[in-house]
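[1] starting from these lines, generate the structure:
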Amino acid sequence: MVAFIGASFLFFWPTLAFSPFSDDHSALWNSGVRGIPWRNGFFRPLSDATFRLGDLLWGTSVAGHRAINLVIHGTNAFLLFTLMERWAGRRTALLSAVLFLLYPFHQESIVWLVGRESALGTSAVLLGLVIISSGPWNGLRAIMVASTLLLGSLCYESALLLIPTAFIVAWSRVVPGWPSWRKLFIPLLLPCIGYFLLRWVTTGIMVGGYFQELIPDTLARSLLNAPKALGRLFLPPEADPKHQLLRGALLGVLLAFGVLLIRRSSGSIPRRMLTLLGLLLFTAMSIAFVAGVSTATSESDRFLYLPSVFLCASIGLLLAAVQRPLVRSSVFACLVVACLWQLRGNHANWNTASRITRECLHELPGIDPDAHLWVSGLPDAYEGAFIFRNGFPEAVDLIGGEGDRIIVVPDRVSLEEVAQKGLFFRGAQRTWERKDRWFRWGGAGYSRIAVP
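    From the prediction side, this is the model:
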């Protein structure tokens, strides 16, 4: 475990210098400094509690808070290693865990502070599977699994995917000693009911909320999400659809060649285990199928964090079956180099977003006494790396400013609308006052806008 956490820090060390991004500022200020139990519109109290814990340990230090993400990622790699060692042997476990550690298309869950929610949800799924695989089924193990599921769901909703995942493993009868679905039913059902009851008592909403907003409004759009999400498991984002289709065709050829090479170099491929991992991969992809994953940028690739667990496990299983060490080592080395190359490019995007974030805050004009500062034109993201989609007032608070006197104007709102009707911002109707000032970010600085 120490080795995997150390490797996580080694490969993601540059990200410790990055700024917070978008919702990170709200989480650091509200959940951390102010101690608000959860952010508006979400019910993930344990994830928000980690920001409070981080604030108690090292204040608003971004490096300290991002270090928590790196620890979680390294721990998840260790949990995958432990699971696959019990399911398919040590060689498969090591190959799978290393590939997961370097997998380049789920960086939102690691670099974005708030992205730790999806990583914690994955921790719950992996830990639950490890506990069930650890020995004979008994009452203590049932309590441990139920507790893991409840705590994980209070971090992120994807933890509930432990339920269908555990049932699929039971149905497959591939893993020796795995309990039947009847034995798993109560330990998995009760924490699920408990989560929804807690959510309802606390927020008044049992289902819906954030994920309901992500559900496509048409069946056609929902069906289109599936191939796009599956493609993004293997391909980096590309703004040009034609180029992405060309990449997809090239990928298909490479995958076919790779499968042929592995089959010729392998002994007996454990097809039943491979089928099981494929079913678990599709189950883990359910959120990505519903919510969609961007093919143009890396935005929303946090939905690929849990699926990447079973993708890397499948690849590790295939590589471990290769009997020729030279072929196995060569393919694995190529995959590692490709992952590192993509990882570097993704980090470069977040680094650019970090620079723009700091510039927006550094160049911000001062606020006159008893007045408000209206700000527009703030950049949303850079190649999927978030900037100020949300959280600008809290970002001002974090640098010692007065965020409660900042009003962020969306790009779709015109000057005339603000002058005549004001703006509904964060639950209140804001009216333009003569002492207020309005500045627009232009990419290199702010320019003042005259309001009639």
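
[2] now for the closest residue to residue 58 other than its chain neighbours, which secondary structure element holds it?
    Using C-beta to C-beta, 6 or more residues apart in numbering and skipping residues adjacent in sequence, the residue nearest residue 58 is residue 64, 3.7 Å away. No exception for glycine: its C-beta is placed from N, CA and C like everyone else's. Secondary structure assigned from DSSP states H and E places residue 64 in helix 62-88.

[3] what does residue 379 give?
    Using DSSP H and E, no helix or strand contains residue 379.

[4] which positions in the helix ranked longest in the chain come out as buried?
    Longest helix in the chain by number of residues (criterion: DSSP state H): helix 325-362. Going by neighbour count (16 or more other C-beta atoms under 10 Å), the buried part of helix 325-362 is 327-328, 331-332, 335, 339, 342-343, 346-347, 349-351, 353-354, 356-357, 359-361.

[5] go on, stretch 429-446?
    430, 432, 436, 437, 438, 439, 440, 441, 446.

[6] rebuild these as CSV, extending it with distance to residue 46, secondary structure and pLDDT.
    Listed next are these as CSV, based on distance: C-beta to C-beta, whole Å; DSSP: H, G, I helix; E, B strand; the rest coil; pLDDT from 0 to 100:
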residue, distance to residue 46, secondary structure, pLDDT
430, 34, strand, 89
432, 41, coil, 87
436, 40, coil, 89
437, 41, strand, 91
438, 40, strand, 91
439, 38, strand, 93
440, 39, strand, 94
441, 35, strand, 94
446, 39, strand, 93
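
[7] any chance you could map the helices in the stretch 1-150 of the chain?
    Taking DSSP state H, counting those that start in this stretch as the test, the helices found in the stretch 1-150 of the chain are 2-12, 23-26, 45-58, 62-88, 90-102, 108-111, 116-133, 139-153.

[8] closest to residue 321 among the buried residues of stretch 429-446?
    Distance to residue 321 across the buried residues of stretch 429-446 (C-beta to C-beta) is lowest for residue 441, with 54.1 Å.

[9] does anything pack onto the helix or strand harbouring residue 394? Which helices or strands?
    According to DSSP H and E, residue 394 maps onto helix 392-398. For helix 392-398, the packing partners by 3 or more C-beta pairs under 8 Å, 6 or more residues apart in numbering; DSSP states H and E come out as helix 23-26, helix 325-362, strand 406-409.

[10] pLDDT on the second one, on average?
    Read it as helix 325-362. Mean pLDDT, computed over helix 325-362, is 93.

[11] what's that helix packed up against?
    So helix 325-362, by 3+ C-beta pairs under 8 Å, 6+ apart, packs with helix 2-12, helix 90-102, helix 108-111, helix 241-265, helix 305-320, strand 381-382, strand 385-386, helix 392-398.

[12] which SSE is immediately downstream of that helix?
    Next element after helix 325-362 (DSSP H and E): strand 373-376.

[13] do the same with the last one
    Of the helices and strands lying after strand 406-409 in sequence (DSSP H and E), the nearest is helix 415-421.

[14] buried residues, that following helix. List them.
    Quick answer for helix 415-421 (16+ other C-beta under 10 Å): 415, 418.

[15] so how far is it off the chain centroid?
    Put simply, helix 415-421 sits 38 Å off its chain's centre (C-alpha atoms, centre = their mean, to the nearest Å).

[16] kindly report the same for stretch 141-156.
    19 Å.

[17] put the alpha carbons of it into PDB.
    Presented in PDB, the C-alpha positions along stretch 141-156 are these (Å, rounded to 0.1, in the frame of the first residue of the first chain):
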ATOM      1  CA  ARG A 141     -18.000  -9.800   7.200                       C
ATOM      2  CA  ALA A 142     -21.600  -8.900   6.400                       C
ATOM      3  CA  ILE A 143     -21.500  -6.000   8.800                       C
ATOM      4  CA  MET A 144     -18.200  -4.800   7.300                       C
ATOM      5  CA  VAL A 145     -19.600  -4.900   3.800                       C
ATOM      6  CA  ALA A 146     -22.800  -3.100   4.800                       C
ATOM      7  CA  SER A 147     -20.800  -0.400   6.600                       C
ATOM      8  CA  THR A 148     -18.600   0.100   3.600                       C
ATOM      9  CA  LEU A 149     -21.500   0.500   1.300                       C
ATOM     10  CA  LEU A 150     -23.300   3.000   3.600                       C
ATOM     11  CA  LEU A 151     -20.200   5.100   4.200                       C
ATOM     12  CA  GLY A 152     -19.200   5.000   0.500                       C
ATOM     13  CA  SER A 153     -22.700   6.100  -0.600                       C
ATOM     14  CA  LEU A 154     -22.400   9.100   1.700                       C
ATOM     15  CA  CYS A 155     -19.200  10.000  -0.200                       C
ATOM     16  CA  TYR A 156     -20.600   9.500  -3.800                       C
END
